[in-house]
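Q: I would like the atomic coordinates for the input below:
(one chain, ligands or ions: 1)
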Amino acid sequence: MKKILCFITICIMLFSACAKKEEITTLETIRNRNLVITGVKQDAGIFGHLNKKGEYEGFDIDVAKYIAKKLTGSEKNIKFVPVTSNTRIEAVVSGEVDMVIATMSNTDSRRYIIDFSIPYYTAGQTAVVKNKSKIYTFADLRNKTTIVVMGSTSEQNLRRVIPNARIVGYSTYKEAFQALKDGKGDAVSTDDTIIAGFIAENKEYRALKGRISTENYSVAIKKTEDKHLQETLNSIITEMKNDGTLKELKKKWSLI
Ligand code: GLU
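A: Here you go, the predicted structure:
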């Protein structure tokens, strides 16, 4: 009897130790290690790129640093992990990163898999073509080849507007824009934010007028019952709106 009781006690102790371990939230993990592991883009131009010194730079990078400062006391307590449109959900779900800040639209279908903060920026989908191209509107893309990046919202949006669109997909924006330059397609379609960065460096290209979607950028985190991290991020973003940070960042990155 004593042996059984002892066994049961050990089991209870082990079980509660395991349960406690599971209770450690992403927010606690961040605070314990004093480091925020953030998935960001290298291929999103003014929203995320590597500068000549090999450092991450861009609107999303500044948002990530602000959040790291609020969570840990210093914007230096951040480790950037490169993600692409196609790898960012897996990076969040697997726990490789604590959060993703990567031109990521907060959509209904993505919300089945991951959680999002409130939006910190609103973009819209357009397309970029050569200045001398005869394409002026999305309707003109009907019998043309449009390049998109896999894992982005752009393909679905394009199919909604042009049901029989001829679409080719690439893994990164770097590859997509290179394919456009190489004549492998007539246009690249994605958010105006990413296209603005490309045009700034490639004056022989222009964006189409008009937007075919609204893209609300939010911070992506792992789906969990515990809403503490999500609520904390929401109040940090609200603070960024109220203290003028988001407005300043728009100016800094020539978005207004
Ligand atoms: N914002 C869109 C998305 O989340 C397109 C840009 C991107 O590929 O990140 O899919």
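Q: hang on, isn't Ile46 packed against Ile195?
A: No: using CB atoms under 8 Å, Ile46 is not in contact with Ile195; the gap is 10.2 Å. C-beta coordinates here come from the backbone N, C-alpha and C atoms, glycine included.
Q: More neighbours: those two, which one.
A: Taking neighbours as other CB atoms under 10 Å, Ile46 and Ile195 compare with Ile195 leading, 25 against 19.
Q: quick one: secondary structure of the residue most central in space within the chain?
A: Most central residue of the chain, judged by C-alpha distance to the mean C-alpha position with CA atoms, centre = their mean, is Ala102 at 2.4 Å. The three-state label given to Ala102 by DSSP: H, G, I helix; E, B strand; the rest coil is coil.
Q: Give me the distance between it and the ligand.
A: 6 Å (CB to the nearest ligand atom, to the nearest Å).
Q: In this model Phe59 seems to touch that residue, though I could be wrong.
A: No: Ala102 lies out of contact with Phe59 (CB under 8 Å); the separation is 10.9 Å.
Q: okay, and the common contacts of these two?
A: Residues touching both Ala102 and Phe59 (CB atoms under 8 Å, 6 or more residues apart in numbering) are Phe47, Gly48.
Q: quick one: Thr29 from the ligand, how far?
A: Separation of Thr29 from the ligand (CB to the nearest ligand atom): 25 Å.
Q: Val36 now?
A: According to CB to the nearest ligand atom, Val36 and the ligand sit 20 Å apart.
Q: what residues does the stretch 101-250 of the chain put near the ligand?
A: Within the stretch 101-250 of the chain, the positions lying close to the ligand (CB under 6 Å from any ligand atom) are Thr103, Met104, Ser105, Val149, Ser152, Thr153, Ser154, Thr190, Asp191, Glu215.
Q: After the helix or strand Ile30 falls within, which helix or strand is next?
A: Assigned by DSSP states H and E, Ile30 belongs to helix 26-33. Later in the chain than helix 26-33, the nearest helix or strand by DSSP H and E is strand 36-40.
Q: next helix or strand past that following strand?
A: Note on strand 36-40: by DSSP H and E, the next helix or strand toward the C-terminus is strand 49-50.
Q: from what I can see Ser171 touches Thr84, true?
A: Yes: counting by CB under 8 Å, Ser171 does reach Thr84; the two are 5.9 Å apart.
Q: quick revisit: in strands, which of the residues of the stretch 101-250 of the chain next to the ligand appear?
A: Within these, residues falling in strands by DSSP state E are Val149, Thr190, Asp191, Glu215.
Q: So for the helix holding Ile30, mean pLDDT?
A: Helix 26-33 shows a mean pLDDT of 94.
Q: For PyMOL, what selects the buried ones among the residues of the stretch 101-250 of the chain next to the ligand?
A: If you want just the buried ones from those in PyMOL, going by 16 or more other CB atoms under 10 Å, the selection is:
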select buried, resi 103+104+105+149+152+153+154+190+191+215
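Q: Now render the residues of the stretch 101-250 of the chain next to the ligand as TSV, adding pLDDT.
A: Formatted as TSV, those follow (pLDDT from 0 to 100):
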residue	pLDDT
Thr103	98
Met104	98
Ser105	98
Val149	98
Ser152	98
Thr153	98
Ser154	97
Thr190	98
Asp191	98
Glu215	98
